[in-house]
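Novice: Okay, predicted coordinates and the sequence, questions at the end:
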Amino acid sequence: MTQRFLPVAAASLVLAAGLGAAPAHAARDYVWAAGSSTVFPFATRVSEQFARKTGMKAPKIESLGTGGGIKLFCSGVGDGFPDIATASRQMKRSEFDACAAKGVKDIIELKIGFDGIVVALDKDGPDYVFSTNALYLGLASKVLRYGKYDPN
């Protein structure tokens with residue numbers, strides 16, 4: 001049985017394409033990835049580099065959102081369905097069960113990278129002193145207030 005891939009982050013397409021450079025289905029001459037709009041710009045660049053370096057056809061990359069990509073990925077097996085679902089989160093149990101119900105098995109999760117946060121200011125705006133501690137506190141699920149940890 002052909003293995004299918006469910007990468008969780010951007011760089012995963014590199015690994016998936018490297019592991020299975022030949023398409024999963026003989027009716028297609030390319031690898032097809034669909035999913036996360038966050039991962040889309042990076043996956044597109046990886047697809048272009050893959051084609052340039054290997055001489056093979058560039059993988060088809062679609063931006064449907066993580067849930068949309070997983071839904072399409074889990075809809076069935078064959079050349080009418082993506083080989084890879086790019087995702088910015090783990091697959092939910094309900095999504096995994098939906099895959100199994102449609103015969104999509106041997107799913108491999110490849111966790112490759114993590115999203116980043118960029119703090120940017122308008123070049124014409126006022127200067128803003130932003131500490132890494134303030135960023136940490138802004139993202140923490142709990143913060144210390146009056147001697148105890150409270151939800152942020």
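Specialist: Ah, there it is. Numbers count the residues shown, from 1 in each chain.

Novice: how many neighbours does the residue nearest to Gly69 when sequence neighbours are not counted have?
Specialist: Distance criterion CB to CB, 6 or more residues apart in numbering; nearest residue to Gly69, sequence neighbours excluded, is Gly35 at 2.4 Å. C-beta: built from backbone N, CA, C; applies to glycine. For Gly35, the tally of surrounding residues (other CB atoms under 10 Å) stands at 31.

Novice: what residue ranges in this structure are flagged as low confidence?
Specialist: 1-26, 115 (pLDDT under 70).

Novice: Now do the helices in it.
Specialist: 12-19, 40-54, 66-73, 93-101, 132-139 (DSSP state H).

Novice: hmm, back to that, the residue nearest to Gly69 and Ala85, how far apart?
Specialist: 5 Å (CB to CB, to the nearest Å).

Novice: can you list residues touching both of these two?
Specialist: Contact criterion CB atoms under 8 Å, 6 or more residues apart in numbering; residues shared by Gly35 and Ala85: Thr66, Gly69, Ile70, Phe73.
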